[in-house]
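Visitor: Just to be clear, the model below is a prediction. Sequence and coordinates:
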Amino acid sequence: MIVSGDSDKSLRRVVLTNFTNEEEFTERYNEVAKLEKTKQILTGKEFDGGVFFLATNYEKNGQIPEKQMIEFIRNVSRKNKWSHYPSSNLRYNYKIEHLHQIGITEYWTGEMPLEEPDYVSMFIAIHKAVQMNELKTFLIDGENLSYFQEVLKGIIDPTFANPDIYITNKELTWDQIRTIERIKPKVVFLFGNSIIDYPKALHLMKHNIQIVPQSVTEIGNMLLSEGIYNSCRSVEESFQLINIACTELNVSLWKFVQNYRENMYNILDEIYQGHTDENATSKYKLSYKDIGAMSYRA
């Protein structure tokens, strides 16, 4: 378990992962924490956020029993008075009623599927990429994405070979990276467990493959929970914000890609460094905009 967040008042994203060794686990955590901070920067919602990063499946010892993991999360969270919001793929690991019991859905709404807001931000990211780059085909390679595949058919055609867009939520091993290289998509969209580190990203970028990570595709859940957590937006207003903010953000990012002939992965990294490193600057500027009383960056 690794936890980030500067105070007991932090709203932390709960992320479950596999454990191979301590070094790999720590590296994955660092990437997830960076993605979470980048989401806050991109949306202008720089609240006191963090990550609650837990291994639930160990290579040598197997899966931790659900009851045991639920009890552990509940005890640690109550002891530290932590607040959480759910990753979109949690419902595939645990029953929703158990997530309610341990407070992961405290800053959520009713029985709304945990993936719905993130699916909205993911759909918008893909839609803008299709519009701005004249992309024609897509291939989904992942788990529990059949519904999303049907939704995408309204804007782009599915294919089994040579896709313009490749979408995955699989863990990105080097074998998986080489598979993507062989497929040769123009754009890769990452979701869920597809956490990419710099060496793997660099390998794809050398093959002129644009990378759109979770800091862009998984904005929805964060905005919904943040609105409830800070009592600043209704659920309807949060979905309005997700639609408008994500649309304008993706347009701005693709303009940066086209105007500077740069990979989106590098653009996002420079934006992140420009906000977190006092010695770094970024040429990629996002301006604050307003929808009524709601603000966002684009």
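Guide: Cool, the structure landed. Note that this is a predicted model, so its numbers are computed, not measured.
Visitor: which helices and strands sit right next to the helix or strand hosting Ile244?
Guide: Per DSSP states H and E: Ile244 is located in helix 235-260. Counting contacts by 3 or more CB pairs under 8 Å, 6 or more residues apart in numbering; DSSP states H and E, helix 235-260 is packed against helix 22-43, helix 116-133, helix 214-217, helix 220-229, helix 264-276, strand 288-291, strand 294-297. (C-beta placed from N, C-alpha, C; glycine too.)
Visitor: same thing but at 10 Å, please
Guide: Packed against helix 235-260 by the contact rule (3 or more CB pairs under 10 Å, 6 or more residues apart in numbering; DSSP states H and E) you find helix 22-43, helix 116-133, strand 210-212, helix 214-217, helix 220-229, helix 264-276, strand 288-291, strand 294-297.
Visitor: where are the low-confidence patches of the stretch 151-298 of the chain?
Guide: The stretch 151-298 of the chain contains residues with pLDDT under 70 at 291-293, 298.
Visitor: most tightly surrounded among the helices and strands packed on helix 235-260?
Guide: Mean neighbour count (mean count of other CB atoms under 10 Å) peaks for helix 214-217 among those, with a mean of 26.
Visitor: And that helix, what does it pack against?
Guide: Helix 214-217 packs on helix 22-43, helix 116-133, strand 187-190, helix 235-260, helix 264-276, going by 3+ CB pairs under 10 Å, 6+ apart.
Visitor: Okay, angle between the helix holding Ile244 and helix 116-133 too, please.
Guide: Helix 235-260 runs at 30 degrees relative to helix 116-133, counting by axes from the mean of the first three to the mean of the last three CA atoms, to 10 degrees.
Visitor: measure Arg13 to Leu139 for me?
Guide: Distance from Arg13 to Leu139, counting by CB to CB, to the nearest Å: 28 Å.
Visitor: out of those two, which sits in the more crowded spot?
Guide: Neighbour tally, Arg13 and Leu139, criterion other CB atoms under 10 Å: the higher count belongs to Arg13, 25 against 18.
Visitor: Next, the contact list for that one, please.
Guide: 4-5, 32-33, 35-36, 39, 49-53, 84-87, 104, 218, 221-222, 225 (CB atoms under 10 Å, 6 or more residues apart in numbering).
Visitor: mind running it again at 7 Å?
Guide: With contact set as CB atoms under 7 Å, 6 or more residues apart in numbering, Arg13 has these partners: Glu36, Val51, Phe52, Tyr85, Ser87.
Visitor: One more: Tyr272?
Guide: Lys34, Lys37, Thr38, Ile41.
Visitor: Ignoring the adjacent residues along the chain, who's closest to the first one?
Guide: In other words, Lys34. Spatially, and ignoring its direct neighbours in sequence, Lys34 is nearest to Tyr272 (6.5 Å; CB to CB, 6 or more residues apart in numbering).
Visitor: And Met122, by the same measure?
Guide: Spatial nearest neighbour of Met122, excluding adjacent residues (CB to CB, 6+ apart): Thr217 at 4.5 Å.
Visitor: That neighbour: what's it in contact with?
Guide: Neighbouring residues of Thr217 by CB under 7 Å, 6+ apart: Ser121, Met122, Ala125, Phe189, Leu190, Phe191.
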